[in-house]
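>>> the sequence isn't on hand, but the structure is:
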């Protein structure tokens, strides 16, 4: 009998041998099967990657890049189309936004500018015109020196603290005595000025026989701008002014009664 057939016959004759062979074959096979199970996932992943690579490999790299760029461009166009359907808010343009921001900043940082208002208490300077205001004279008649200056070449004004007081009487009488010299030239007018009432001025004028008008500036409409108002509450600093051709040419604040007469006369007769 050939050797192979003899081995098969022996195996069939002894069942235990057959069982041992079966167990051994399984024991040997078990590690191979386990290795196969463990290695299965990597094999599957490798296969997937191989498929992907195979798919890319089928096209040139240039074509693939062009397709990717086309897809990106398509997505951008789609996004722009969707945005264009939305209402455009005011100021979305770069220039509009800049203008809006600048306007808002200006509105916040810069307060609304108002037209300058003339300050009634501002002191006049040489070369300025007299305030365009009217005050009552000793007779209660309104007198506007600003208007008078347009027709009278030279105006002399002297201010005194209070009518009928000693120093003010000396000052007023000094201008009374020099009045002919002041008016020797045509176009010269002299005015006394204080915050007394028209009635007090009239009494003072009549008692001292003053030839010129006395102005009752009870609201300091002239005394304030001329700089003779002593304090915010009132009071007068003895002063004098000379106005020529509508402009203030001489302004002396704080002067003695007799000196005011002498210097004012010198200014008028200097020419």
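Received, thanks. Quick caveat, the model's predicted, so the values are computed rather than measured.
>>> low pLDDT regions in this structure?
1-67, 69-122, 271 (pLDDT under 70).
>>> how's it carved up into domains?
3-77, 135-268 (automatic domain parsing).
>>> how about the helices in the stretch 51-200 of the chain?
Applying DSSP state H, counting those that start in this stretch to the stretch 51-200 of the chain gives helices spanning 61-84, 94-109, 145-148, 166-177, 179-182, 198-208.
>>> contacting residues around residue 242?
Contacts of residue 242 were listed using C-beta atoms under 8 Å, 6 or more residues apart in numbering, and they are 154-157, 248-250, 264, 267-268. (Glycine included, C-beta is placed from N, CA and C.)
>>> buried subset of the residues you listed, written for PyMOL?
Here is the PyMOL command that picks out the buried ones among the contacts of residue 242, judged by 16 or more other C-beta atoms under 10 Å:
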select buried, resi 154+155+156+157+248+250+264+267+268
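>>> of the contacts of residue 242, closest to residue 240?
residue 264 (4.9 Å; C-beta to C-beta).
>>> isn't there a strand covering that closest one?
No - using DSSP: H, G, I helix; E, B strand; the rest coil, the assignment for residue 264 is helix, not a strand.
>>> quick check: closest non-adjacent residue to it.
Excluding the flanking residues, the one nearest residue 264 by C-beta to C-beta, 6 or more residues apart in numbering is residue 240, at 4.9 Å.
>>> could you check the angle helix 166-177 makes with the helix or strand that neighbour falls within?
Using DSSP states H and E, residue 240 falls within strand 239-244. With axes from the mean of the first three to the mean of the last three C-alpha atoms, to 10 degrees as the basis, strand 239-244 and helix 166-177 are set at 30 degrees to each other.
>>> which strands border strand 239-244, and is each parallel or antiparallel?
strand 154-159 (antiparallel), strand 247-253 (antiparallel) (DSSP bridges).
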